[in-house]
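**Q** Based on what follows, work out the 3D shape:
(one chain, ligands or ions: 1)
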Amino acid sequence: MTELSDLGVLGLAVMGANLARNAARKGFGVALYNRHGERTDKLVEEFGHEGRFTATKELKDFVAALSKPRVIIIMVKAGKPVDDVIDDLVPLLEADDIIIDGGNSLFTDTNRRFDALKDKKLRFIGMGVSGGEEGALEGPSMMPGGEHDAYRRIEPMVTKMAAQVDGTPCAAYIGVGGAGHYVKMVHNGIEYADMQLITEAYDLFKTVYGLGAPDIADIFEQWKSSDLDSYLIDITTTVLRKQDEAAGKPLVDLIVDEAEQKGTGRWTARNALDLGVPLTGITEAVYARALSGQRKLRAEAEKILPHEAPAQMKPSQADIDAIREALYASKIIAYAQGFEQMTAASKEYGWDLKLGEVATIWRGGCIIRARFLDRIVEAYAKGGEIPNLVLQDYFRDAVLKAEVSWRKVVVLAVQHGVAIPAFSSSLSYYDGLRRSRGPANLLQGLRDFFGAHTYRRLDKDGSFHTRWGQDGKEEAIK
Ligand code: 6PG
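**A** Modelled structure (predicted):
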């Protein structure tokens, strides 16, 4: 009889196949199942030598190939396919078996599935997996959420499969229900903001300074030795340097300027609205993708609303440094907002998220891995509540140091008609944050004028309404 497998992987598209190979390479026995059997055959044919695989063609054989309590990772498209696969699996499973959803599922779906499977005595883990194809194979960042008990069962596997940074695995228990998928959603939101900021810096170099893609790549290359050092900065240099040999041009100049999205950024922004968290950086990044998608409208608008092309001047090292500092400060804001959102979610959904650990497991394997995450880890290691990372020493010093450049770069873009929604909204957020008295007093007056919504006063307790349009008298509201 063949030895039972430690883990089942269901869904063998690139992410599933690579996770299966990763587990097998780490010495775990892996049972494989894919709806279309050819994928299973292909995987075993090409990579069967990498470890102990058991290929199956029927779901019941797949389940029978697993040691108990069974552990099955499903790697299928988020949404209905996840429910369909769970429905197919449930009748074949026994109490305490574990289903892990390793896709980018919406956390509220994960909450629902977690509860439904709990009623059936099955255990469900919603696990964010970040790192793309390469990460899945070489070691991703893994964000599992569900029952802690169930996590204990899978811990030896996920901590071995995950990326390792300084000997620490980039995988840790996140919290109950949909907490793991929630944290992955915010990771993706930050990924949106990070990429939008990089894109805006690129646009400034291209449009204001007239630099070509290879020259801009050289600048990003310089930045790899600064605090900005990150995976996304690194791959930016590769993307910008790639030449299309046939066209004799940088490939990036031939790519359609329309960004697609699968939805995680939009979910992050929507959830921030629900929680009342000012998530300007990520949300602007989502809107920027939406505007990029209106390509026809933009082409028409360019004709109707022409803008003079800036007189392009070569950037000095000081100009380049200013953009780097503005990018860094805006990036700090995006992360600070994302962490504030997780703090709010932790309270709202009762998750007790350990944000220092979240930052720790984002240091490697995932798309937003960056040197900068060490600073976030350090901030949380000090203990105590962190209402906003910008108020922590390191980040406070970094934004203060960048402030002059940040303003200069935003002014430069505005003067030249270059859209920088993430840079400028981050600066506006910062300016709003560091004022104890903002302008919402007027807003309250207006609300009270047309809707008798009442206001509070600085000099007296209680709520008040003024009969603005009538006798102008103020009354205290009980
Ligand atoms: C990751 C990525 C991954 C995927 C995004 C792309 O962490 O490995 O975030 O999850 O590439 O979902 O998202 P968009 O299609 O929305 O850009």
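**Q** Could you use CA atoms for every contact and neighbour count after this?
**A** OK.
**Q** Looking at the chain, which strand is longest?
**A** strand 123-130 (DSSP state E).
**Q** Which strands and helices lie in contact with whichever helix or strand comes after that strand?
**A** Moving toward the C-terminus from strand 123-130, the next helix or strand (DSSP states H and E) is helix 132-138. On a contact count with 3 or more Cα pairs under 8 Å, 6 or more residues apart in numbering; DSSP states H and E, helix 132-138 meets helix 14-25.
**Q** where in this structure is pLDDT low?
**A** The model of the chain has pLDDT under 70 over residues 1.
**Q** Which helix or strand contains the residue positioned nearest the centre of it?
**A** Geometric centre of the chain, nearest residue: Asn188, 1.7 Å, by Cα atoms, centre = their mean. Applying DSSP H and E as the criterion places Asn188 in helix 179-203.
**Q** buried stuff in that helix?
**A** Buried positions in helix 179-203, judged by neighbour count with 16 or more other Cα atoms under 10 Å: 179-198, 200-203.
**Q** Go back to those residues and keep what's next to the ligand.
**A** With Cα under 6 Å from any ligand atom as the criterion, those include Asn188 near the ligand.
**Q** and Ile477, how many neighbours?
**A** Neighbour count for Ile477, taken as other Cα atoms under 10 Å: 11.
**Q** Same question for Asn104.
**A** If we define neighbours as other Cα under 10 Å, then Asn104 has 24 of them.
**Q** cool, and Asp374?
**A** By other Cα under 10 Å, neighbour count at Asp374 equals 15.
**Q** roughly how far out does the helix holding Asn188 sit from the chain middle?
**A** 4 Å (Cα atoms, centre = their mean, to the nearest Å).
**Q** For that helix, name the packing helices and strands.
**A** By 3+ Cα pairs under 8 Å, 6+ apart, helix 179-203 packs against helix 107-119, strand 123-130, strand 141-145, helix 231-241, helix 264-275, helix 280-292, helix 317-349, helix 421-433.
**Q** Quick check: residues of the stretch 251-400 of the chain near the ligand?
**A** Checking the stretch 251-400 of the chain against the ligand by Cα under 6 Å from any ligand atom, the hits are Gln261, Lys262, Gly263, Thr264, Cys366, Ile367.
**Q** List buried residues within these.
**A** Buried members of these, counted by 16+ other Cα under 10 Å: Thr264, Cys366, Ile367.
**Q** Doesn't the second one belong to a helix?
**A** No: using DSSP: H, G, I helix; E, B strand; the rest coil, the secondary structure at Cys366 is coil, not a helix.
**Q** For it, list the residues it contacts.
**A** If you count contacts by Cα atoms under 8 Å, 6 or more residues apart in numbering, Cys366 has them with Val129, Ser130, Gly131, Gly132, Gly135, Pro140, Ser141.
**Q** change it to 7 Å
**A** Ser130, Gly131, Gly135, Pro140, Ser141 (Cα atoms under 7 Å, 6 or more residues apart in numbering).
**Q** got it, and the first one?
**A** With contact taken as Cα under 7 Å, 6+ apart, Thr264 is in contact with Met185, Asn188, Gly189.
**Q** residues contacting the last one?
**A** Translated: Gly189. Counting by Cα under 7 Å, 6+ apart, Gly189 has contacts Thr264, Gly265, Thr268, Ile282.
**Q** Nearest to the ligand among the contacts of Thr264?
**A** Minimum distance to the ligand across the contacts of Thr264 is 4.9 Å, recorded for Asn188 (Cα to the nearest ligand atom).
**Q** Farthest-apart pair in the contacts of Gly189, please.
**A** Farthest pair in the contacts of Gly189 (Cα to Cα) is Thr264 and Ile282. Separation: 10.7 Å.
**Q** coming back round to it: kindly reformat the buried ones among the residues of the stretch 251-400 of the chain next to the ligand as CSV and extend each row with distance to Glu385.
**A** Shown next, in CSV, are those (distance: Cα to Cα, whole Å):
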residue, distance to Glu385
Thr264, 27
Cys366, 26
Ile367, 27
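**Q** and whichever strand or helix holds Gly445, which residues are buried?
**A** Element membership for Gly445, per DSSP H and E: helix 440-451. For helix 440-451, the neighbour count (16+ other Cα under 10 Å) marks Gly445, Leu446, Asp448, Phe449 as buried.
**Q** Pipe those into a markdown table and attach distance to Gln164 per row.
**A** Converted to a markdown table, these look like this (distance: Cα to Cα, whole Å):
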| residue | distance to Gln164 |
| --- | --- |
| Gly445 | 55 |
| Leu446 | 55 |
| Asp448 | 56 |
| Phe449 | 59 |
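**Q** ok, those vs the ligand, which is closest?
**A** Set against the ligand, the nearest of those by Cα to the nearest ligand atom is Leu446 (38.8 Å).
**Q** Just give the closest residue to the closest residue to the ligand within the stretch 301-450 of the chain, not the sequence neighbours.
**A** In the stretch 301-450 of the chain, no residue comes nearer to the ligand than Ile367, which is 5.2 Å away by Cα to the nearest ligand atom. Nearest residue to Ile367, sequence neighbours excluded (Cα to Cα, 6 or more residues apart in numbering): Gly131, at 5.3 Å.
**Q** one step back: run through the residues that contact the residue nearest to the centre of the chain.
**A** Contacts of Asn188 (Cα under 7 Å, 6+ apart): Thr264, Gly265.
**Q** tell me the contacts of Leu211?
**A** Going by Cα under 7 Å, 6+ apart, the list of residues near Leu211 reads Phe205.
**Q** how much space between it and the ligand?
**A** 26 Å (Cα to the nearest ligand atom, to the nearest Å).
**Q** That residue: what secondary structure?
**A** Classification of Leu211 by three-state DSSP places it in coil.
**Q** just use 54 as the starting number from now, easier for me
**A** New numbering, starting at 54: the last item is Leu264.
**Q** Could you tell me the phi and psi values at it?
**A** Backbone torsions of Leu264, given as degrees, to the nearest 10, read phi -80, psi 150.
**Q** still on that earlier bit, go ahead and confirm the residue nearest to Ile420 touches Met195.
**A** No: taking Cα atoms under 7 Å as the contact criterion, Gly184 and Met195 are not neighbours in contact, 9.1 Å apart.
**Q** neighbour count winner among the two?
**A** Met195 (31 against 23).
**Q** so that one makes contact with Gly181?
**A** Yes: shown here, Met195 and Gly181 form a contact pair, counting by Cα under 7 Å, at 5.7 Å.
**Q** which of the helices and strands packed on helix 232-256 is buried the deepest?
**A** Comparing the helices and strands packed on helix 232-256 by mean neighbour count (mean count of other Cα atoms under 10 Å), strand 194-198 ranks first with a mean of 32.
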